[in-house]
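Novice: Following is a predicted model, sequence given first.
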Amino acid sequence: MSQFLSLRNCLRLTIRLLRQFRRGEGMKAVIIMGSKSDLDYSKKIASKLADFGIDAVMRIASAHKTPEKVLEIIKEYEKEDVVFVTVAGRSNALSGFVDANTSKPVIASPPYSDKFGGADIFSSIRMPSGVAPMLVLEAENAALAVAKIFALKDEGVREKVVQFQENKRREIYKADEELR
C-alpha cells in the first residue's frame, strides 16, 4: 500500500511539474504605467514582448495618487507567472512600491525625459534596503530582460532570445562590412 501511495504522489508531482513547465502557459508581463502619458513607451515594450512570444497586459496606477490601485493590481497577478514592468517618469515611486509589495521580478523602465537634464532617472536608481527593482533603460531592453527571465522556464522563449542576440551580432558585422 505504501508503494501505491508513493507512486501516486510521484505521479501527482510529475503532472504538477508538467503543467508548471508547459511552454508559455501563464507567462506574461504586467506593464504598470504611472500615467497615461507613459502609454506610447509602454506600447513599445509590449510590441517587443510580442516578438518574443510573451503576452503583455497594460495597466495604469500611480504610487503617489492611487497606491491602493497599485496594490490591487499586484494582488490580481500574484498567483501567476508574471514579471512586472513599471513605467513611470518624473519621480518614480512606482517601481520601488511595486517591488516592495511583490515576490515577483520587477523591472523599472522609466522613459527618458530631457527636462531637468534627465535628472528623473535618479529616482529609479537608489532604493531602500530590501527593495530591488531592476533598472533597465530603453523599451527594447526592458522587453529583452523580461524574455530572459521567462527563458529560464520556457525553451521557446530562450530560442527567441538567442536568435535576437544573433541578429544583433549580424547587424554589427554587416555595418562593419558596409564601411569597407
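Specialist: Yep, it's here.
Novice: only C-alpha atoms for contact and neighbour calcs from this point on.
Specialist: OK.
Novice: which residues of the chain fall in helices?
Specialist: 2-20, 39-51, 67-77, 94-100, 122-125, 139-151, 155-179 (DSSP state H).
Novice: So which elements touch the second one?
Specialist: In terms of contact count using 3 or more Cα pairs under 8 Å, 6 or more residues apart in numbering; DSSP states H and E, helix 39-51 is assigned the packing partners strand 28-33, strand 55-60, helix 139-151.
Novice: run the last query once more with 7 Å
Specialist: helix 139-151 (3 or more Cα pairs under 7 Å, 6 or more residues apart in numbering; DSSP states H and E).
Novice: Any chance of JSON lines for the helices of the chain, columns distance to residue 31 and mean neighbour count?
Specialist: Converted to JSON lines, those look like this (distance: least, Cα to Cα, whole Å; neighbours: other Cα atoms under 10 Å):
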{"stretch": "helix 2-20", "distance to residue 31": "23", "mean neighbour count": "11"}
{"stretch": "helix 39-51", "distance to residue 31": "7", "mean neighbour count": "19"}
{"stretch": "helix 67-77", "distance to residue 31": "10", "mean neighbour count": "16"}
{"stretch": "helix 94-100", "distance to residue 31": "11", "mean neighbour count": "24"}
{"stretch": "helix 122-125", "distance to residue 31": "16", "mean neighbour count": "17"}
{"stretch": "helix 139-151", "distance to residue 31": "10", "mean neighbour count": "21"}
{"stretch": "helix 155-179", "distance to residue 31": "19", "mean neighbour count": "13"}
